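Participant: coords below, sequence missing:
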Ligand code: NAI
Ligand code: MG
């Protein structure tokens, strides 16, 4: 029989984005070679800060249309010290998320076997969360401006946009996620005491949508108190829904509490499936360790597993997660997780494990 072909647009980007994308591609090719039921057809796009510095652009004018032709997008990281971060983010990753209607960003967090949380008393089973981040509007909607920029009277606005439609669709996704998990528990995060318009609308829509999910238990947190609860009572949380900015910050904290930012995956989803979804580790380009070959590739592999699951290859996704767990359990880890392996060492071990599993 002819293997199914999944067309993947690959954007390695900058810094360790390049190393971990290469590692993820190797692991994905190992999966397809071993399973034989599907293949990946990768196309790599050199859209990066390095390219921008040379030629003046990240994506060509038809870049977004090019991406629409693929089944999925795999993304490394973008950002480099020679380019202001708002230029790199707004030239590549944010336009993709917005134009391709990837209004959900899913960020699971758990402690992998053979690793531990920096929280002294936190066991593996004590921390198992999914953060659902609104990915299209809110604080990152891009509205605002600056006047009198080069004077002492410079004035800047950064306007948050919250829409009923935008809030309702992220809430429904979050409730569906909570419902699919054993504890059926959803915590909603805002700052609706100090921010009295947009965040109050969040609260209101949350309770409206909650009526359609009587089997899901709910609670509500202010974001500042939420940081405390994540650290002191991790077991009290399961699924979490928050705005673009809040969930961005909380998911870095979640990653750190689970052991390292280097293991944390994310899926930028268009749940309507009209556009390709995009999968990327949550970390950035890490200029401090770029080019050293020591980046932890686990976040990239976990993101690849989520991508494979989105493509409907459940057996491959489960196998890849099992391979990752077996490798960390065996103590094959990079330095950020307290190990002594490099990127290549962990990648080789995961590939070998995949070959053993199938
Ligand atoms: P970062 O995530 O790149 O690095 C933070 C710290 O975590 C650094 O010490 C780094 O060495 C470490 N780290 C990150 N990933 C690691 C891995 N896989 N293995 C081991 N250690 C790892 O965040 P930072 O430093 O704030 O940003 C660097 C650049 O990346 C900036 O230009 C920023 O704008 C960009 N960025 C891009 C993102 C994206 O493409 N989605 C997300 C976050 C930041
Ligand atoms: Mg972030």
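Facilitator: Everything's here; your move. Source: prediction; values computed, not measured. Ligands and ions are numbered 1, 2, ... in the order given.

Participant: Could you tell me which residues of the stretch 251-358 of the chain lie near ligand 1?
Facilitator: Residues of the stretch 251-358 of the chain found near ligand 1, taking CB under 6 Å from any ligand atom as the criterion, are 261-262, 280, 283-289, 295-296, 299, 336. C-betas here are computed from N, CA, C, even on glycine.

Participant: Pull the number of nearby residues for residue 220.
Facilitator: Other residues within reach of residue 220, judged by other CB atoms under 10 Å, total 15.

Participant: go on, residue 161?
Facilitator: Applying other CB under 10 Å, I find that residue 161 has 15 neighbouring residues.

Participant: distance of the residue of the stretch 201-350 of the chain found nearest ligand 1 from residue 122?
Facilitator: When you check the stretch 201-350 of the chain against ligand 1 by CB to the nearest ligand atom, the closest residue turns out to be residue 284, at 2.3 Å. Using CB to CB, to the nearest Å, we find residue 284 at a distance of 25 Å from residue 122.

Participant: Quick one: end-to-end length of stretch 67-84, please.
Facilitator: End-to-end distance for stretch 67-84, by CA to CA, to the nearest Å: 25 Å.

Participant: and that stretch, average pLDDT?
Facilitator: In this model, stretch 67-84 has a mean pLDDT of 98.

Participant: and it, which residues are buried?
Facilitator: Of the residues in stretch 67-84, those buried by neighbour count under the rule 16 or more other CB atoms under 10 Å are 67, 70-80, 83.

Participant: quick one: the most centrally placed residue in the chain from residue 342, how far?
Facilitator: Central residue check for the chain by CA atoms, centre = their mean: the C-alpha nearest the mean position is that of residue 266, 2.0 Å away. In this view, residue 266 and residue 342 are 24 Å apart by CB to CB.

Participant: got it, and residue 62?
Facilitator: Relative to residue 342, and taking CB to CB, residue 62 is found at 38 Å.

Participant: Repeat that for residue 272.
Facilitator: When CB to CB is applied, the distance between residue 272 and residue 342 equals 40 Å.

Participant: between the two, who's got more neighbours?
Facilitator: Between residue 272 and residue 342, counted using other CB under 10 Å, the more crowded position is residue 342 (18 against 9).

Participant: right, and that one touches residue 293 too?
Facilitator: Yes - shown here, residue 342 and residue 293 form a contact pair, counting by CB atoms under 8 Å, at 5.0 Å.

Participant: What segments of the chain are helices?
Facilitator: Residue ranges of the helices in the chain, as given by DSSP state H, are 16-35, 49-55, 63-67, 85-91, 93-99, 164-179, 198-210, 223-232, 244-257, 298-310, 314-329, 343-357.

Participant: Out of those, the one nearest residue 139 is which?
Facilitator: Proximity of the helices of the chain to residue 139 was assessed by CB to CB; the nearest stretch is helix 244-257, lying at 3.8 Å.
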